[in-house]
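Asker: Okay, here's the prediction I keep looking at, along with the sequence it came from:
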There are 2 protein chains.
Amino acid sequence: MKVARRDPSAFAKRFLPELTVDVVLLSVGDDGRLCTLLSRRNEAPYKGAWALPGVFVGRTETLESAAARALRDKAGIANVFLEQLFTFGDLQRDPRGRVLSVAYYALVPKARFFAATAEIADAAIALLTIPSGDERSGAIHADSAEGRRMKLAFDHDRIIGMAVQRIRGKLNYAPIGFELLPDRFTLLDIQHIHEAVLGRTLNKDSFRRKMLASNLIEDTKQRQIGSAFRPATLYRFKKQEN
Amino acid sequence: MKVARRDPSAFAKRFLPELTVDVVLLSVGDDGRLCTLLSRRNEAPYKGAWALPGVFVGRTETLESAAARALRDKAGIANVFLEQLFTFGDLQRDPRGRVLSVAYYALVPKARFFAATAEIADAAIALLTIPSGDERSGAIHADSAEGRRMKLAFDHDRIIGMAVQRIRGKLNYAPIGFELLPDRFTLLDIQHIHEAVLGRTLNKDSFRRKMLASNLIEDTKQRQIGSAFRPATLYRFKKQEN
DNA sequence: TGAATAGTGTCTATAAGACAATATCCC
DNA sequence: GGGATATTGTCTTATAGACACTATTCA
């Protein structure tokens, strides 16, 4: 089925594509909206448009290492939840030639997101508007903090859209929302994360019940401080017993 | 961020991996077990071991076209549900060198599966044993029709395992089970498909209720024939209104 | 008619949504 | 104490599982 790599005749005919990794770094801002980090391109193609942080994959690194390197070099962020999303290989996705992109998505609490991304030149935070699951119409929109629509390079709108669809799906069966929260959080904090990801409001009572019954979080016996009213209990994500 | 393709200095340094597509063609046999098609390798590495149908990706075909070509050429099957699964890029996954594999999974009704695969030389049907979701222990096993354990080449055990995990997850929110059924089927047929995929038995009453309430299937007003008892109503998958 | 499975009706347990009542904090 | 939100308790409704009962076919 496969031919030994050093067979020169087969090797000559073989197509070797260029390979990049692009990362959708997601967080949830104070306004309860999903946001991601984009870099402005200052060369063609798509000069002036906004692109996801990405790198070419090196010879001696895995796909995941390359994604982590993209995050570190282009977003100043390390040690976050990082998972493969999808591989984009359309023939015309890059006008320069055939370039495949293995897309990853990463999740990070807002404090780390805003602290790290504030340092990056030519980068900006994009507030995302994504049609909710039941709506067929409408594309992804990325807006700057000032409210300007950001034009996306390549097929990065599709990549971002798929990242959001993916975490929406995973939210229901994987403890993924906690990756977007700091160590200690209130029940309402988790609910806001879920609402931001799902793009719709949730019933508070049943959300609380389900979360408390999930065995995923534990009471820290601490209370929120600085609130002008009754402070909420702080919970933390429970390390899973193996 | 990215450099123009024709820039010779950047191009020279760039790593161009070899790229294959492998397909997990899944069906459910008469015994209610998940099964897939494997080919025996007759060259090193993994000579004599069993591998998924796969091809190298050509210069002018998309990843999905390559996957469809692998299915057509190596399994004699076309026009089936086909979806990207994951991209495997570990450094050591192929002892000959760095070869990436974009894995796909395909679903086909058992009649087509067995009719097509009977014609393929050096191929065999593997009956799969996959640990259910809550069990952490245990790896994927592939057994021949005669009950012999089949040794899998490369990381194809991981690929198959991930394919099964994926369809298990999708079964709950996507009308994916119908891809494993013929045009007309009984409610019990669908249940058997779900049980095979999930690897556990389901409650008949609530499965029927949920399926009938789902608006995914419609009564054909036909009955099953040839049964030695009361024949079940035949349903068909309802084409979704757009 | 009997065997065997299809399909219906109903009861119960559990989970979700609604909402009132009470608790706790800061000012 | 007043304002505001957290937290608890309870009622109602929807859904899942259990199970008994009826229906239909072939031998």
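Answerer: Yep, that arrived.
Asker: alpha carbons only for contacts and neighbour counts from here, please
Answerer: OK.
Asker: Paired strands for the top strand by length along chain A, with orientation please.
Answerer: Using DSSP state E to assign secondary structure, the strand with the most residues in chain A is strand A:18-28. Strand A:18-28 pairs in its sheet with strand A:34-40 (antiparallel), strand A:54-56 (antiparallel), strand A:99-107 (parallel), by DSSP bridges.
Asker: Report the rounded mean pLDDT for it.
Answerer: Computed over strand A:18-28, the mean pLDDT rounds to 97.
Asker: What residues of that strand count as buried?
Answerer: Under the neighbour-count criterion of 16 or more other CA atoms under 10 Å in any protein chain shown, strand A:18-28 has A:Glu18, A:Leu19, A:Thr20, A:Val21, A:Asp22, A:Val23, A:Val24, A:Leu25, A:Leu26, A:Ser27, A:Val28 buried.
Asker: Helices of chain A, start to end?
Answerer: If you assign secondary structure with DSSP state H, the helices in chain A sit at A:8-13, A:63-75, A:110-117, A:156-171, A:187-198, A:204-213.
Asker: Redo those helices as TSV? Include distance to B:Glu83.
Answerer: Written out in TSV, the entries for those read as follows (distance: least, CA to CA, whole Å):
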stretch	distance to B:Glu83
helix A:8-13	27
helix A:63-75	20
helix A:110-117	33
helix A:156-171	14
helix A:187-198	24
helix A:204-213	33
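Asker: now for these, which one comes closest to B:Arg208?
Answerer: For these, distance to B:Arg208 was read as CA to CA. The smallest value, 24.6 Å, belongs to helix A:156-171.
Asker: Can you name the residues in contact with the closest one?
Answerer: Applying CA atoms under 8 Å, 6 or more residues apart in numbering or on different chains, the contact partners of helix A:156-171 are A:24, A:51-52, A:85, A:103, A:105, A:130, A:133, A:140-141, A:176-177, A:194, A:197-198.
Asker: export the helices of chain A to a markdown table and tack on mean neighbour count?
Answerer: Output for the helices of chain A, formatted as a markdown table (neighbours: other CA atoms under 10 Å in any protein chain shown):
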| stretch | mean neighbour count |
| --- | --- |
| helix A:8-13 | 11 |
| helix A:63-75 | 22 |
| helix A:110-117 | 17 |
| helix A:156-171 | 19 |
| helix A:187-198 | 20 |
| helix A:204-213 | 12 |
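Asker: So which residues on chain A come close to DNA strand D?
Answerer: If contact is defined as CA under 7 Å from any atom of the strand, the residues of chain A in contact with DNA strand D are A:Thr186, A:Leu187, A:Leu188, A:Asp205, A:Ala228, A:Phe229, A:Arg230, A:Pro231, A:Ala232, A:Thr233, A:Leu234.
Asker: out of those residues, which are inside strands?
Answerer: Among these, the members falling in strands are A:Thr233, A:Leu234 (criterion: DSSP E).
Asker: By neighbour count, which of the residues of chain A next to DNA strand D wins?
Answerer: Looking at the residues of chain A next to DNA strand D with neighbours defined as other CA atoms under 10 Å in any protein chain shown, the largest count falls to A:Leu234 at 20 neighbours.
Asker: Report the beta-bridge partners for that one.
Answerer: On DSSP bridges, the residues paired with A:Leu234 through beta bridges are A:Gln222.
Asker: Is it correct that A:Ile130 is in contact with A:Asp143?
Answerer: No. In this structure, A:Ile130 sits apart from A:Asp143 without contact. The criterion is CA atoms under 8 Å, and the distance is 11.4 Å.
Asker: How confident was the prediction at A:Pro131?
Answerer: At A:Pro131, the model reports a pLDDT of 85.
Asker: Also the one 3 residues further on?
Answerer: On the pLDDT scale, A:Asp134 is placed at 57.
Asker: Get me the contact residues on chain A for chain B.
Answerer: Counting by CA under 8 Å from any CA of the partner chain, the positions of chain A adjacent to chain B are A:1-2, A:4-5, A:14-19, A:41, A:44, A:54-63, A:84-87, A:89-91, A:96-97, A:102.
Asker: contacting residues for A:Leu63?
Answerer: A:Leu63 makes contacts with A:Val21, A:Val57, A:Val102, B:Gly89, B:Asp90, as judged by CA under 8 Å, 6+ apart.
Asker: which parts of chain A sit against DNA strand C?
Answerer: A:202-203, A:205-207, A:209-210, A:225-231.
Asker: Include pLDDT and distance to A:Met150 when you put these into a markdown table, please.
Answerer: As requested, the residues of chain A next to DNA strand C are exported to a markdown table (pLDDT from 0 to 100; distance: CA to CA, whole Å):
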| residue | pLDDT | distance to A:Met150 |
| --- | --- | --- |
| A:Leu202 | 96 | 29 |
| A:Asn203 | 96 | 33 |
| A:Asp205 | 95 | 37 |
| A:Ser206 | 96 | 37 |
| A:Phe207 | 97 | 34 |
| A:Arg209 | 96 | 39 |
| A:Lys210 | 96 | 38 |
| A:Ile225 | 90 | 37 |
| A:Gly226 | 85 | 36 |
| A:Ser227 | 85 | 36 |
| A:Ala228 | 87 | 37 |
| A:Phe229 | 90 | 39 |
| A:Arg230 | 92 | 40 |
| A:Pro231 | 95 | 39 |
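Asker: from the residues you listed, which is closest to B:Ala75?
Answerer: Comparing every one of these with B:Ala75 (CA to CA), the shortest separation belongs to A:Lys210, at 45.8 Å.
Asker: In space, what's closest to A:Asp143 - neighbours in sequence excluded?
Answerer: Spatial nearest neighbour of A:Asp143, excluding adjacent residues (CA to CA, 6 or more residues apart in numbering or on different chains): A:Arg149 at 4.4 Å.
Asker: count of neighbours near the one you found?
Answerer: By the other CA under 10 Å criterion, the neighbourhood of A:Arg149 contains 13 residues.
Asker: Surely it touches A:Leu128?
Answerer: No. Between A:Arg149 and A:Leu128 there is no contact, the gap being 10.0 Å when judged by CA under 8 Å.
Asker: circling back to that earlier point, got CSV for the strands paired with strand A:18-28, with mean pLDDT and distance to A:Arg69 too?
Answerer: Formatted as CSV, the entries for the strands paired with strand A:18-28 read as follows, by pLDDT from 0 to 100; distance: least, CA to CA, whole Å:
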stretch, mean pLDDT, distance to A:Arg69
strand A:34-40, 97, 15
strand A:54-56, 96, 8
strand A:99-107, 97, 12
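Asker: Identify whichever of the ones you listed lies nearest to A:Asp219.
Answerer: Closest approach to A:Asp219 among those (CA to CA): strand A:99-107, 23.4 Å.
Asker: Excluding its own residues, what touches that closest one? List them.
Answerer: A:17-27, A:63, A:67, A:80-90, A:93, A:159, A:163, A:179-180, B:87.
Asker: how far away is the residue nearest to A:Val23 when sequence neighbours are not counted from B:Ile190?
Answerer: Distances taken as CA to CA, 6+ apart place A:Tyr104 nearest to A:Val23, at 4.7 Å, with adjacent residues excluded. A:Tyr104 sits 34 Å away from B:Ile190, going by CA to CA, to the nearest Å.
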